[in-house]
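Chemist: Quick one: sequence plus predicted model below, questions after.
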Amino acid sequence: MNLIDLQRYTISEEKSEEFLQVQGILQRFEQYPYCGNTRIGRVRRGKYKCYGCRKEWGPRRGSILEGLRVPLVRVLISIKLFELDTSVREAAHQLDLSYNTVYDLFDLFRQSIVRADNDSSFILSGETEMDESYFGGRRKGNRGRGAAGKIPVFGILERGGKVRVEVVQNVTGETLLTMAIKKVKRGSLIYTDKFRSYNGLISYGFRHMRIDHGKRFVNGKVYINGIEGFWSFAKERLMKYHGVNPGKFQLYLKELEFRYNHRHHDLYDDLVKCISEYSRVASIQ
């Protein structure tokens, strides 16, 4: 959604509410959620009222926005700022909201991405690249494999398609091969480097070719530049946070996966779909 279109939905709370209802993030109430009475109407302060039991409720009732005391206009603008990769501090300044309030909003968007865009049934296929990387800032000592105090992340990229990344406990052969079996169709051609943990891919029904980075980085079609490009993409963006809480790292990682996979799409609309799906699932639970 471009800024002109966004302006149409943020000229008033009513327009923003209507947009969020159309997207399925807010409910359209045709009866009172508790007594079931259909004699309801809108009253002061944008509330709904049941003319049976005389109780009132807000338009956010039953949605993932229910606990957020933020005007709906600013919710829509905050999605745009999140799309534009604006920092929480700068977004708080632009929205005239507290840092913690915007942090909670952005955290909600990341939760939505993880819950709604995590299709475990989606299988990569064709020519794929595998690699592992390590996150956690600059520290003294070894870099890369064997680095102490860093978070290992395993990634699989389908050439011309999507990337899937996961935090892993370790980079043993058992761990990486198990991930490969879950996420890649048997018979696919997998490119890796010479790391020994990838031994055994052929025995599990994959075709496997390696590049020896000690000698060269590209040998015809044998390379892993695609997945290494994602690592650069991810680390460059994480640097601006000057450190991420390890407990939240998975959320940030999946956000970057989402941004990479949707880089040729309208990211605002895709984010709204994720929030809508998250809201639907949350309301069922």
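Modeler: The structure has been received and is ready for your questions. Residues are numbered from 1 along each chain as shown.
Chemist: Show me the helices in the stretch 1-150 of the chain, by range?
Modeler: 3-9, 13-22, 72-83, 88-95, 99-116 (DSSP state H, counting those that start in this stretch).
Chemist: With respect to burial, which of these scores highest?
Modeler: helix 72-83 (a mean of 21; mean count of other CB atoms under 10 Å). The C-beta positions use only the backbone N, C-alpha and C, and glycine is treated the same way.
Chemist: Go ahead and name everything in contact with that one.
Modeler: 1, 3, 6, 9-10, 12-13, 16-17, 19-20, 65, 68, 70, 90-91, 94-95, 97, 102, 105-106, 109, 267-268, 271-272, 275 (CB atoms under 8 Å, 6 or more residues apart in numbering).
Chemist: thought Gln94 was touching Val88?
Modeler: No. With contact defined as CB atoms under 8 Å, Gln94 does not count as touching Val88 (10.9 Å).
Chemist: which residues sit in contact with Thr178?
Modeler: Thr178 neighbours (CB under 8 Å, 6+ apart): none.
Chemist: Go ahead and confirm Gln250 touches Val153.
Modeler: No. Contact between Gln250 and Val153 fails when scored by CB under 8 Å: they sit 9.5 Å apart.
Chemist: average pLDDT across stretch 5-14?
Modeler: Average pLDDT, stretch 5-14: 89.
Chemist: out of everything not next to it in sequence, what's closest to Gly160?
Modeler: Gly126 (7.6 Å; CB to CB, 6 or more residues apart in numbering).
Chemist: no, scratch that, I was asking about Arg60
Modeler: Using CB to CB, 6+ apart, the nearest residue to Arg60 is Glu66, at 4.6 Å.
Chemist: now Val244
Modeler: Closest to Val244 by CB to CB, 6+ apart is Tyr252, at 5.4 Å.
Chemist: can you pull the pLDDT of that neighbour?
Modeler: 90.
Chemist: Report all helices and strands that the helix or strand containing it contacts.
Modeler: Taking DSSP states H and E as the criterion, Tyr252 maps to helix 249-261. Applying 3 or more CB pairs under 8 Å, 6 or more residues apart in numbering; DSSP states H and E, one finds that helix 249-261 contacts helix 99-116, strand 163-167, helix 225-238, helix 267-284.
Chemist: Looking at these, spot the one closest to Phe195.
Modeler: Closest approach to Phe195 among the helices and strands packed on helix 249-261 is made by helix 225-238 (12.7 Å; CB to CB).
Chemist: in the closest one, what counts as buried?
Modeler: Using 16 or more other CB atoms under 10 Å as the test for burial, helix 225-238 gives 226-228, 230-231, 233-234, 238.
Chemist: wait, which of the residues you listed is closest to Gly136?
Modeler: Using CB to CB, the buried residues of helix 225-238 come closest to Gly136 at Leu238, 9.9 Å.
Chemist: Test my guess that that closest one contacts Gly136.
Modeler: No. Contact criterion CB under 8 Å: Leu238 and Gly136 do not qualify, at 9.9 Å.
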